[in-house]
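> next input, structure requested:
(chains A and B)
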Number of protein chains: 2
Amino acid sequence: MSKKLTKRAEDYSKWYNELVVKADLAENSAVRGCMVIKPYGYAIWEKMQGELDRMFKETGHQNAYFPLFVPKSLFEAEEKNAEGFAKECAVVTHYRLQNDPDKEGKLRVDPEAKLEEELVVRPTSEAIIWNTYKGWVQSYRDLPLLINQWANVVRWEMRTRLFLRTAEFLWQEGHTAHASKKEALCEAKQMQEVYANFAENFMAMPVIKGAKSESERFAGADETYTIEALMQDGKALQAGTSHFLGQNFAKAFDVKYTSKEGKQEYVWATSWGVSTRLIGGLIMTHSDDSGLVLPPKLAPIQVVIVPIYKGEEQLKVISEKVSVMVKELRKKGIAVKFDDRDTFRPGAKFAEYELKGVPVRVAMGNRDLENNTVEIARRDTFEKKTVSQDEVVGVIESLLEEIQENLYDRALAFRNAHITKVDTFEEFKEAIETKGGFVSAHWDGTVETENKIKELTKATIRCIPNEAEEESGVCVFTGETSSKRVLFAKAY
Amino acid sequence: MSKKLTKRAEDYSKWYNELVVKADLAENSAVRGCMVIKPYGYAIWEKMQGELDRMFKETGHQNAYFPLFVPKSLFEAEEKNAEGFAKECAVVTHYRLQNDPDKEGKLRVDPEAKLEEELVVRPTSEAIIWNTYKGWVQSYRDLPLLINQWANVVRWEMRTRLFLRTAEFLWQEGHTAHASKKEALCEAKQMQEVYANFAENFMAMPVIKGAKSESERFAGADETYTIEALMQDGKALQAGTSHFLGQNFAKAFDVKYTSKEGKQEYVWATSWGVSTRLIGGLIMTHSDDSGLVLPPKLAPIQVVIVPIYKGEEQLKVISEKVSVMVKELRKKGIAVKFDDRDTFRPGAKFAEYELKGVPVRVAMGNRDLENNTVEIARRDTFEKKTVSQDEVVGVIESLLEEIQENLYDRALAFRNAHITKVDTFEEFKEAIETKGGFVSAHWDGTVETENKIKELTKATIRCIPNEAEEESGVCVFTGETSSKRVLFAKAY
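Residues are numbered from 1 along each chain as shown, chains lettered A, B, ... in the order given. Okay, the predicted model is just below:
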């Protein structure tokens, strides 16, 4: 593969695909639609997991683990409740391979080892979890159940893209059970806030919080809360959803509790999840034609130090200076790497860390030794400065904060510049086709209009923003009255 | 279910099964052989993961993620290399469910959606990973690959038991690739050391390090290193294995590298894993007729504080005292819970934390308020003492260390008392049948003898201990000469 990255302006999609592979984040596997997450990509996921897991625990949740397989009959129970539920799933029908007597050295599925009931590889775990909760909930004292699971799930997608849409992906799924509607609604909204906080403060990715329209809701949800981000190519990305499930799953799986007053009541539910898709969002929010740009808070390597030397002796002197610096930086909790490999030249190392989006690069050469300095370069703006070795730790510490903020501000400015208010369908089409981004428009609230607009423009309702103001207007498509603007966009 | 736990002496197996469920660790699910790991059990797993993951990273490993599915053809490539490989696997044959036109409300597998090639749910990931490594390794500069994966795997076991043997389980699997045999052997042995260190210093579970006999080796391994623990019922538990795979997988998947000298060479490999089975080992090493006993280093709750009060006012005063104590303990990194629920009496709380194995219980009542004291009880010995509130943090800190040590010492004494040296087959049978534990005996080194002994006594060779001394003797079964004793036992 060529080392040069396609430019974003040339072909955004190609740029993305190349970047994911060249920056060593992930690659396609021998299994259709399934990816291998390489160590560097997985290290970003681990950072994400670490922060999210802490946030979940701080809001009172515990982790647990439920089976990978869902018996077909549990899906049927759910089906009654959620008609539109995706049925593109991996189905296990047998439990043994054997040597094929007809073809030497080949294996075949043992026809004798057919399962009585087929097992579906979980596309999501509501069915298996609510079937379990039935045994856990008797009284109001058993509530709430505040449980999260880190797991892999499988959905048989026909068109896949690394991180954004893969047949198998990693995610977390929260599944909570509550005694009252109010409490469950509160939980669903709280988790939307947690996701927004994570997206903005760790991913440096601004998001719009809102509710999904009925046709975009999770099947089985009474309300789906979403966080929507904007990618550099003007397409929206649904980055996380939190569902208020009402009593739908409690009814499908017969989960009741005895209230304080001694009455039998159905339990109220939520579920919420984010996935490895976030890594796709991270890439398409910040990265540039030179490669990945990572926000310091999620960068596996925050600072890389590259020595520029001639001969062993110089390297030794530099290494001594650097090792003090490394110790100081680590004491501050900064992830630093000293790249003293002698198999690559400094130029090649610079290019590698640029491609991999390391936020801060420090170089130390002969002149720096003489002057007691280092050269510091930031990945987001390519700015360089020379600073005294005595100040380097403090400078890096504040620089990391500055980069984190700058990335957020830059993304926010871009996002805000790509929200277009329109009042006619002509304006709507024009905005979607030429400018991209979010289009803020009045809508008559019907699925028919939503579908028609989607047919004509490929734009869908991303959300009804939480902060949408009451404003009387008319639907851009039908002219019916409307009291709120909603956000449309083409989306991933 | 009755609250009372079966006694170990009565029925060890029943005691175990009841304890796992009553202590809220895990339960059977709607899917045959698959378990639900409940929050309290999963919290222990998270503690284990945390320590192991740190140890893996300290020895230079990185995490990554590979697909859940293995195409059947990759299994065939592996088969040539590993004849005996288990074929009891979950097999995905279809990718869609649809409404059954014959049976209303029922789903059926869509016969049109048959996969061209069946996918096996990974029972272990050598095949998919080595097929991937093929693309990652060209030159000696690409080596070593030191990669670990945290994942779920599935083996279609017919007889399952919670944690010890389940169809789906959680584990980590390390897969490394090296330029030389020496380096790979070194890695395999290093990971055996890491596992032994974890078992002894965190689980407080003494283990014997050794090598497996040929027939007990992982199929495809040239050498399997194991750590073997002894459970309270005298049966051994294989707690972790590390395999030196030679060039077997490199040859099966054609993974070669160009050496410094410009020659094409096959890569050398290791793989190593521990699983949720460790939780079973933890339970059966320390727990007693009153319930779980957890070593402090892996206890999700290390200290529980129970208030004994009459009326709101007293609770308020106690709570104030306790909140200072809690803050101090947390500052020391100690996981403490203050259980001020008013829905349960102190006696019920005591019983609950005893069952759940919380190492230290602190009680504070009216007399303690008067005397500025608390009562501290340790779970391992049931000893209680009254200490001044001013000293409580220091006392708890050293008590936790003491309990950790005591559990290890106790288990070690039991294990050492259950290693019996025998020199005749009569002694062998006697020891296995009446005393249990490890039997140290000379063996002629043949698979035939091993199998015969297994047939007659159900005991297998657990390992050839690393520290076995050279000693000339004769095989207990055939009388052939032998230079080393090996360890036999009945095993889980």
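
> separation between residue A:132 and residue B:352?
21 Å (Cβ to Cβ, to the nearest Å). Placement of C-beta: from N, CA and C, glycine included.

> likewise residue A:47?
36 Å.

> again with residue A:381
Counting by Cβ to Cβ - residue A:381 and residue B:352 are separated by 57 Å.

> could you do residue A:13 as well?
56 Å.

> ditto for residue A:395
Residue A:395 is 53 Å from residue B:352, by Cβ to Cβ.

> likewise for residue A:404?
For residue A:404, the distance to residue B:352 - Cβ to Cβ - is 44 Å.

> please enumerate the helices of chain A.
A:12-22, A:39-58, A:72-81, A:126-136, A:181-201, A:248-252, A:277-286, A:311-331, A:346-355, A:366-371, A:392-417, A:425-430, A:447-457 (DSSP state H).

> just put those helices in CSV and tack on mean pLDDT and distance to chain B.
CSV is the format used below for the helices of chain A (pLDDT from 0 to 100; distance: least, Cβ to the nearest Cβ, whole Å):
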stretch, mean pLDDT, distance to chain B
helix A:12-22, 98, 11
helix A:39-58, 98, 4
helix A:72-81, 79, 6
helix A:126-136, 97, 5
helix A:181-201, 98, 17
helix A:248-252, 95, 12
helix A:277-286, 98, 12
helix A:311-331, 95, 14
helix A:346-355, 97, 12
helix A:366-371, 94, 27
helix A:392-417, 98, 22
helix A:425-430, 97, 36
helix A:447-457, 97, 22
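
> turn these into CSV, including mean neighbour count.
Formatted as CSV, those follow (neighbours: other Cβ atoms under 10 Å in any protein chain shown):
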stretch, mean neighbour count
helix A:12-22, 18
helix A:39-58, 18
helix A:72-81, 19
helix A:126-136, 23
helix A:181-201, 20
helix A:248-252, 23
helix A:277-286, 25
helix A:311-331, 14
helix A:346-355, 16
helix A:366-371, 13
helix A:392-417, 17
helix A:425-430, 16
helix A:447-457, 15
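
> can I get the ones you listed in a markdown table with distance to residue A:463?
As requested, these are arranged in a markdown table below (distance: least, Cβ to Cβ, whole Å):
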| stretch | distance to residue A:463 |
| --- | --- |
| helix A:12-22 | 23 |
| helix A:39-58 | 21 |
| helix A:72-81 | 24 |
| helix A:126-136 | 22 |
| helix A:181-201 | 10 |
| helix A:248-252 | 21 |
| helix A:277-286 | 15 |
| helix A:311-331 | 41 |
| helix A:346-355 | 34 |
| helix A:366-371 | 51 |
| helix A:392-417 | 14 |
| helix A:425-430 | 17 |
| helix A:447-457 | 12 |
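
> nearest to residue B:460, out of these?
helix A:126-136 (35.9 Å; Cβ to Cβ).

> tabulate the CA atom coordinates of that closest one in PDB.
Taking C-alpha atoms only, helix A:126-136 is exported to PDB below (Å, rounded to 0.1, in the frame of the first residue of the first chain):
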ATOM      1  CA  GLU A 126     -32.900  -7.000  25.900                       C
ATOM      2  CA  ALA A 127     -34.500 -10.400  25.400                       C
ATOM      3  CA  ILE A 128     -32.000 -12.500  27.300                       C
ATOM      4  CA  ILE A 129     -31.600  -9.900  30.000                       C
ATOM      5  CA  TRP A 130     -35.300  -9.300  30.600                       C
ATOM      6  CA  ASN A 131     -35.900 -13.000  30.700                       C
ATOM      7  CA  THR A 132     -33.200 -13.100  33.400                       C
ATOM      8  CA  TYR A 133     -34.600 -10.100  35.300                       C
ATOM      9  CA  LYS A 134     -37.900 -12.000  35.700                       C
ATOM     10  CA  GLY A 135     -36.100 -14.100  38.300                       C
ATOM     11  CA  TRP A 136     -34.400 -11.200  40.000                       C
END
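
> identify the residues contacting it?
Residues from elsewhere that reach helix A:126-136 (Cβ atoms under 8 Å, 6 or more residues apart in numbering or on different chains): A:66-67, A:69-70, A:74-75, A:77-78, A:122, A:142, A:145, A:147, A:149, A:175, A:177, A:220, A:245, A:249-250, A:252-255, A:267, A:269, A:271, B:27, B:29-31, B:36.

> now the angle from that helix to helix A:72-81?
With axes from the mean of the first three to the mean of the last three Cα atoms, to 10 degrees as the basis, helix A:126-136 and helix A:72-81 are set at 100 degrees to each other.

> so who does residue A:437 touch?
A:230, A:234, A:415, A:417-420, A:431, A:489.

> closest residue of the stretch 301-450 of chain A to chain B?
residue A:343 (5.9 Å; Cβ to the nearest Cβ).

> what number of residues lie near the closest residue to that residue other than its chain neighbours?
In space, residue A:343 comes closest to residue B:141 once its chain neighbours are excluded; the distance is 5.9 Å by Cβ to Cβ, 6 or more residues apart in numbering or on different chains. The tally of other residues near residue B:141 (other Cβ atoms under 10 Å in any protein chain shown) stands at 13.

> cool, and the one 5 residues further on?
The burial metric for residue B:146, expressed as a neighbour count using other Cβ under 10 Å, is 19.

> distance of it from residue B:58?
Residue B:146 is 12 Å from residue B:58, by Cβ to Cβ.

> again with residue A:221
For residue A:221, the distance to residue B:58 - Cβ to Cβ - is 44 Å.

> which residues sit in contact with residue A:408?
A:200, A:204-206, A:295.

> next one: residue A:56
A:63, A:148, A:172, A:174, A:194.

> same thing but 6 Å
Listed by Cβ atoms under 6 Å, 6 or more residues apart in numbering or on different chains, the contact set of residue A:56 reads residue A:148.

> could you do residue A:374 as well?
A:362, A:364, A:368, A:389, A:392.

> how about the residues of the stretch 151-300 of chain A near chain B?
A:152, A:156, A:168 (Cβ under 6 Å from any Cβ of the partner chain).

> my read is that the second one contacts residue A:88, right?
In other words, residue A:156. Yes. When contacts are counted by Cβ atoms under 6 Å, residue A:156 is listed as touching residue A:88 (3.9 Å).

> for those two, indicate the residue with more neighbours.
residue A:156 (23 against 16).

> for the more buried one, give me phi and psi.
phi -80, psi 80 (degrees, to the nearest 10).

> in the sheet, who's paired with the residue nearest to residue A:181 when sequence neighbours are not counted?
In this structure, residue A:181 finds its nearest non-sequential neighbour in residue A:268, 5.2 Å apart by Cβ to Cβ, 6+ apart. Partner residues in beta bridges with residue A:268, using DSSP bridges, are residue A:178.

> pull up the gap between residue A:268 and residue A:61, please.
With Cβ to Cβ as the criterion, residue A:268 and residue A:61 are 16 Å apart.

> show me which of those two is the more surrounded one.
residue A:268 (27 against 23).

> enumerate every residue touching the more buried one.
Per Cβ under 6 Å, 6+ apart, neighbours of residue A:268: A:178, A:181, A:184, A:247.

> surely the third one meets residue A:270?
Right, the one you point to is residue A:184. Yes. Shown here, residue A:184 and residue A:270 form a contact pair, counting by Cβ under 6 Å, at 5.3 Å.

> is residue A:209 bridged to anything, and to what?
Those that pair with residue A:209 in a beta bridge, by DSSP bridges, are residue A:227.

> per-residue pLDDT, it?
The score at residue A:209 is 98. That number is its pLDDT.

> same check on residue A:87?
For residue A:87, pLDDT reads 82.

> that one and residue B:100 touch, don't they?
No. Judged on Cβ under 6 Å, residue A:87 makes no contact with residue B:100 at a distance of 11.7 Å.

> which one's more surrounded, these two?
residue A:87 (19 against 14).
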